[in-house]
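Trainee: Take a look and give me a structure for this.
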Amino acid sequence: MNGHIVTRLVALTLSIGIAGTGLMTAAAAYSETKAEKSFTAVVTDAQGVETEIKNVVFYWEEKLSETSFVPHELRHLPVKRGNSTINIRFDQIKQVENKSPGTADAVTLVIALHNGKTGEFGLSTPGSFRGESDFGQTDVPIKGVAKVVFK
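Mentor: Residues are numbered from 1 along each chain as shown. Sure, this is the predicted structure:
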């Protein structure tokens, strides 16, 4: 009888080990599919200077107090249309044009999607396009952007 219990314990231990390995493999596969996609864009500023930015994100800082803030790196563009806030994912965007780059007024963007649709939006959150250029870390404030073309 003791041999039977030992055999069952060994079988149970092996089953748990195999199940645990399967769960770890599934977790690793899930984390790989959830990895953030990297985007590259050519940003043209209000002065006509073009910069290719790799791993581009829309960056803004949420101010908590005079001395602290929370940084946000988004792979979508938060815009306003009427009373709605819309988060347009970078993978949907073909091109973004600022109707009046370099001005201090409210930013109005014309966004063209890969599916052919185009719309005019107000900027929901002031921020910048940030990423890596050939010369190092690049940060272009959206108020100073004339055009962004996603590759």
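Trainee: give me the number of residues near the closest residue to Arg89 other than its chain neighbours?
Mentor: Nearest residue to Arg89, sequence neighbours excluded (Cβ to Cβ, 6 or more residues apart in numbering): His76, at 4.7 Å. C-beta: built from backbone N, CA, C; applies to glycine. Look at His76: counted by other Cβ atoms under 10 Å, it has 15 neighbours.
Trainee: Help me confirm that His76 comes into contact with Val56.
Mentor: No. Assessed by Cβ atoms under 8 Å, His76 is found out of contact with Val56, at 11.6 Å.
Trainee: Next, show the common contact partners of the two.
Mentor: Contact with both His76 and Val56 is made by residues Phe90, according to Cβ atoms under 8 Å, 6 or more residues apart in numbering.
Trainee: Now stretch 86-99: average pLDDT?
Mentor: For stretch 86-99, mean pLDDT is 97.
Trainee: Now it: buried residues?
Mentor: 88, 90, 93-98 (16 or more other Cβ atoms under 10 Å).
Trainee: Restricted to strands, list those residues.
Mentor: 88, 93-98 (DSSP state E).
Trainee: Against Lys63, how distant is the residue nearest to Arg89?
Mentor: 21 Å (Cβ to Cβ, to the nearest Å).
Trainee: Tabulate the buried residues of stretch 86-99 (a markdown table), appending distance to Val110.
Mentor: Shown next, in a markdown table, are the buried residues of stretch 86-99 (distance: Cβ to Cβ, whole Å):
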| residue | distance to Val110 |
| --- | --- |
| Ile88 | 12 |
| Phe90 | 16 |
| Ile93 | 11 |
| Lys94 | 11 |
| Gln95 | 8 |
| Val96 | 7 |
| Glu97 | 5 |
| Asn98 | 8 |
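Trainee: May I ask which two of the residues you listed are separated the most?
Mentor: For the buried residues of stretch 86-99, the farthest-apart pair by Cβ to Cβ is Phe90 and Asn98; their separation is 16.5 Å.
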